[in-house]
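A.B. asks: fold the following and give me the result.
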Amino acid sequence: MYICIMAMLVMTACTSDMLPEGGATDKDESATPLCIRVDGFVSMTTRAALADMPGGTLSSDTRLGVFVMYERDYDSLAIGSNYRNISYSYDNVECSIDNAGNLYPANGEPLFYPMGRDVRIAVFAYAPYDSSMTREKLFAPKGEVGVDCDQHHEAVIASNDFLFGTPVFGNPFSKPHNNIGSMPADIRLNLRHQRSRIVLDFTLRELLELLDTVPFAHVDSFSVIAENVPVEAPVGYSLDSSLTNFAHPDSVRRDSVRLGAFMATEELNALDTRYTSVGIVIPCTEPADMSFKFILMSGTDSHEVRLHAQTPVAFERGTSVMFRINTEDNDDSNPDVDEIPIDPDGSNPAAARKCQLCL
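C.D. replies: So this is what the prediction gives:
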């Protein structure tokens, strides 16, 4: 008898932690699952996909962090308060995502709405997952916030591409009222890119045709470096007034980012093989001159080629800027991406078109 009573007490304690006090006393009130899915989910895992479709970098192996809180906690964010109601919150719950965009806690434990018919909550999500993330670190990161300066591996690109998400219908919101036995509607999240992306698409033929003399007969390998791009926000940033995106940082530090390292192909048409270099940078609304440095290797010989953007470039939050080498063969067949032709001396006017990144 004693064991049964103790077991019931333990179960009650566990339930109180998951479904906090303050709930309704309605006899029909029961635990309501909190089901979350990513709206407009796009599976993208390859460098080619990153360039071809300016969208997301989420894939089925992406891990997201989820924060769920009471409305008062949400309201405190708007005024910079540290209020925290510990009776109900899910802090940095690691979630996996399936091919349909549904989120599942990695620990296998389901999420629930708080008890009570009129309680309102807020949901935030981010990716990639960071086990050390806290509310303070997520909503108002201080100190150095930056990207890696070597991004020639696709895994590094994904780790630098920070996404932040809120419900499509907005925060905060009430628990849905459903008939007994019916399933509550899913919370649809809209994940948005908080940084900017560089895409450089080119062939070796386009590159070598710009040179007065061909430096060597063949290219064994080469690397691509973007120069004078924003890589760090020295004093951090914070959520904007709408609590849906991060404000642009007040200042940035610029440096070089290694976008790609390639082995040249040995095919007969190797010069016409298209290569794509992709990198993530800190958003910055102030335009600045930038360039690309190519380091071409032939045996032990190396040769550097530097191309300049024809106009100063601003990297807006959530945008993808596509560069290509300015040759006579280029056309305007793809108007849906930013296109800023580049040449060695930056003498020709640029044609830039904006395209938002979205999932």
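
A.B. asks: give me the pLDDT for Met322.
C.D. replies: Note for Met322: predicted pLDDT of 85.

A.B. asks: residue contacts, Ile36?
C.D. replies: Neighbouring residues of Ile36 by C-beta atoms under 8 Å, 6 or more residues apart in numbering: Val66, Cys95, Asn102, Leu103, Leu111, Val123, Ala125, Asp186, Ile187, Leu189. Heads up, the C-betas are built off the backbone N, CA and C, glycines and all.

A.B. asks: farthest pair in the residues you listed?
C.D. replies: Across the contacts of Ile36, no pair lies farther apart than Asn102 and Val123, at 14.4 Å, counting by C-beta to C-beta.

A.B. asks: now the helices: where do they sit in the protein?
C.D. replies: Shown for the chain, the helices assigned by DSSP state H span residues 2-18, 47-52, 71-78, 135-139, 154-160, 204-209.

A.B. asks: circling back: who has more neighbours out of Asn102 and Val123?
C.D. replies: Ranked by neighbour count (other C-beta atoms under 10 Å), Asn102 and Val123 place Val123 first, with 21 against 15.

A.B. asks: list the contacts for the more buried one?
C.D. replies: Leu34, Ile36, Val66, Phe67, Val68, Thr166, Pro167, Asn171, Ile187, Leu189 are the contacts of Val123 under C-beta under 8 Å, 6+ apart.

A.B. asks: try 7 Å this time
C.D. replies: Ile36, Val66, Val68, Pro167, Asn171, Ile187 (C-beta atoms under 7 Å, 6 or more residues apart in numbering).

A.B. asks: let's have those residues in a markdown table, adding pLDDT and distance to Ala261.
C.D. replies: Output for the contacts of Val123, formatted as a markdown table (pLDDT from 0 to 100; distance: C-beta to C-beta, whole Å):
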| residue | pLDDT | distance to Ala261 |
| --- | --- | --- |
| Ile36 | 93 | 38 |
| Val66 | 97 | 35 |
| Val68 | 96 | 41 |
| Pro167 | 94 | 40 |
| Asn171 | 94 | 42 |
| Ile187 | 90 | 41 |
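
A.B. asks: and these, which is closest to Phe139?
C.D. replies: Comparing the contacts of Val123 against Phe139 with C-beta to C-beta places Asn171 closest, at 12.3 Å.

A.B. asks: follow-up on the earlier one: which ones among the contacts of Ile36 map onto strands?
C.D. replies: Of the contacts of Ile36, the ones assigned to strands by DSSP state E are Val66, Cys95, Leu103, Val123, Ala125, Ile187, Leu189.

A.B. asks: just send those back as a markdown table, with distance to Phe202 too.
C.D. replies: Output for the ones in strands among the contacts of Ile36, formatted as a markdown table (distance: C-beta to C-beta, whole Å):
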| residue | distance to Phe202 |
| --- | --- |
| Val66 | 39 |
| Cys95 | 38 |
| Leu103 | 38 |
| Val123 | 42 |
| Ala125 | 36 |
| Ile187 | 42 |
| Leu189 | 36 |
